[in-house]
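Q: pasting the structure only:
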């Protein structure tokens, strides 16, 4: 056998070309993930403007957010499996094109039905693209430092997306009409070129994964999707003040979700080609990662919700200024993700993610200490033009340090747990593994908002009733008194929710310290399912 020597100058060219290929591959995947994540929050600030322009009732405005979350969360398992069966690049591209088309429809929507349909279609596109994007990282980047860095960027995009969405939504909504289109419409239209460019460039910079043609588990797809829809809808409805846990439709939706997922589990244990193979959960490290990636986003999403309302309603910031108040979160999560991607080559994931969860829990405890005057006298002063109730809250002393602490902590959690959740999966299961991870985040976020919303209402309701009564007695009209009483009681409810959120993350931290036993050396290798240490 004869060895052919390649001149050194030429031998280095394929390596450089490969690095360029991986770099652009990561850019495309990150663009898609950022677009999918920020779209969950970018429309929030625009809701009042959308309602006025399209004459959408206040009660129906929440469906602009909920409709996207329902379609996204309910279809993720199906999206992940389709990528495994028919090629992840193909499904990734289809998802991006659907998302771009849906965004175009939403941006030009002329009525409520057209806008809500576009949001559901966006959710479908996101459910196809997001698990395929995560699986493409696993199959495109070699195990070790390259994959760790890629996951760090992916995690930063996932975590920073909500904050970027708030800023971008506030800025676009405040723009004067461009091409006779109101500012809120650009919160949708901005996705069109991004999605189409990423889809167009995908064949150039992303390799197609090996497809594993087989029967699509239709009964599993139907019961699994409808079961997840039931849970996400039920949890979302439970978190709304107008409905709550005792509402008939809340109970019916949650019960239907549980029954359908039970049927789904039975089907999956019997069919030859299951939508969700049980082996995905058989590894203790992976199961722990899935559990924690449900608990942590549950608290993080709720933090965004309550803190953004606190900054606007109580401190008195404008929507755009509120968005910029969260900008340090984007910076912090990039720092945490970069730090953890370097450490995970030398330190076991348990220590990185464990410390990260403790930092995030401490930050939520810090938020729970926020305090503003909420007496009847203070509220009457606000009513008489005395400024916002929490105008004396110092952002740099009382909010900024905890935003940074939580964001760095989140970056230290997302990277190692994303690695441990999808590492050593069989090649034909990478997509569904990514789909499960995304599903846990979506369902966890909906559950977190529902639980913490209930906690908030419980602690705020009594104070709100007393304040409203006292304000009416002081001469304010009932409607004005009710609005002021809500602001006055909000801090008490929000701080209680922050404290319970800290408990949720502490539970996740306990699971990490107890069960996440994989070694950092094993994350630098590819291998069969059995290669993961379960200690």
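A: Right, received. Where do you want to start? Because the structure is a prediction, the values reported are computed rather than measured.

Q: quick check: domain ranges of this protein?
A: The chain resolves into domains spanning 23-213, 217-274, 282-522 when parsed by automatic domain parsing.

Q: end to end, how far does the longest one reach?
A: Distance between the two ends of domain 282-522: 18 Å, counting by CA to CA, to the nearest Å.

Q: could I get the average pLDDT for that domain?
A: Model confidence over domain 282-522, given as mean pLDDT, is 89.

Q: chain center to it, what's the gap?
A: 12 Å (CA atoms, centre = their mean, to the nearest Å).

Q: which ones are touching residue 334?
A: Applying CB atoms under 8 Å, 6 or more residues apart in numbering, we find residue 334 in contact with 156, 160, 411. Every C-beta, even on glycine, is put in place using the N, C-alpha and C of the backbone.

Q: can you say which of those are buried?
A: Judged by neighbour count, with 16 or more other CB atoms under 10 Å as the criterion, the buried members of the contacts of residue 334 are 156, 160, 411.

Q: how about TSV for those residues, with distance to residue 31 and secondary structure added?
A: Rendered in TSV, the data for those read as follows (distance: CB to CB, whole Å; DSSP: H, G, I helix; E, B strand; the rest coil):
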residue	distance to residue 31	secondary structure
156	13	helix
160	13	helix
411	19	helix
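
Q: closest one of these to residue 105?
A: Distance from residue 105 was checked for each of those by CB to CB. The minimum falls on residue 160, at 26.8 Å.

Q: ok, residue 137 touching residue 149?
A: No. The pair formed by residue 137 and residue 149 falls short of the contact definition of CB atoms under 8 Å, at 10.2 Å.

Q: between the two, which has more neighbouring residues?
A: residue 137 (24 against 19; other CB atoms under 10 Å).

Q: report the secondary structure state of the residue lying closest to that one once chain neighbours are set aside.
A: Spatial nearest neighbour of residue 137, excluding adjacent residues (CB to CB, 6 or more residues apart in numbering): residue 150 at 4.9 Å. Assigned state for residue 150: helix (three-state reduction, DSSP: H, G, I helix; E, B strand; the rest coil).

Q: cool, residue 370 as well?
A: Secondary structure state of residue 370, per three-state DSSP, is coil.

Q: list the contacts for it?
A: Shown in contact with residue 370 (CB under 8 Å, 6+ apart): 310, 393, 398, 399, 491, 494, 495, 498.

Q: ok, now how distant is it from residue 26?
A: 38 Å (CB to CB, to the nearest Å).

Q: repeat that for residue 367.
A: Residue 367 sits 33 Å away from residue 26 when distances are taken as CB to CB.

Q: name the residue in the two with the higher neighbour count.
A: Under the criterion of other CB under 10 Å, the comparison of residue 367 against residue 26 puts residue 367 first, with 24 against 21.

Q: looking at stretch 53-62 now, give me its mean pLDDT.
A: Looking at stretch 53-62 alone, the average pLDDT works out to 78.

Q: go through that stretch and flag the buried ones.
A: Within stretch 53-62, the residues that qualify as buried are 54, 56, 61, counting by 16+ other CB under 10 Å.

Q: residues making contact with stretch 471-481?
A: Contacts made with stretch 471-481 from outside it, assessed by CB under 8 Å, 6+ apart, are listed as 376, 379, 380, 383, 467, 468, 484, 485.

Q: what sits against the residue lying closest to residue 433 once chain neighbours are set aside?
A: Using CB to CB, 6+ apart and skipping residues adjacent in sequence, the residue nearest residue 433 is residue 425, 4.5 Å away. Under the criterion of CB under 8 Å, 6+ apart, the contact partners of residue 425 comprise 138, 280, 286, 433, 529.

Q: looking at those, which is nearest residue 164?
A: Distances from those to residue 164 were compared by CB to CB; the smallest belongs to residue 138, at 24.6 Å.

Q: that closest one is in what secondary structure piece?
A: Assigned by DSSP states H and E, residue 138 belongs to helix 112-140.

Q: what's that helix packed up against?
A: Using 3 or more CB pairs under 8 Å, 6 or more residues apart in numbering; DSSP states H and E as the contact criterion, the neighbours of helix 112-140 among helices and strands are helix 8-38, helix 47-54, helix 58-86, helix 88-107, helix 145-173, helix 400-422, helix 430-473.

Q: let's see that with 7 Å instead.
A: Where contact means 3 or more CB pairs under 7 Å, 6 or more residues apart in numbering; DSSP states H and E, helix 112-140 is packed against helix 8-38, helix 58-86, helix 88-107, helix 145-173, helix 430-473.

Q: spit out the contact partners of the spatially closest residue to residue 501 that is not a sequence neighbour.
A: By the measure of CB to CB, 6+ apart, the closest residue to residue 501 outside its immediate chain neighbours is residue 299, 3.7 Å from it. Residue 299 sits next to 364, 448, 501, 504, 505 when contact means CB atoms under 7 Å, 6 or more residues apart in numbering.

Q: now, which of the residues you listed lie within strands?
A: In this view, the contacts of residue 299 have no member that belongs to strands under DSSP state E.

Q: which one of those sits closest to residue 454?
A: residue 448 (10.8 Å).

Q: residues in contact with the closest one?
A: With contact taken as CB under 7 Å, 6+ apart, residue 448 is in contact with 297, 298, 299, 301, 302, 504.

Q: residue 74 contacts residue 229, correct?
A: Yes. In this structure, residue 74 is within contact of residue 229 by CB atoms under 7 Å, at 3.9 Å.
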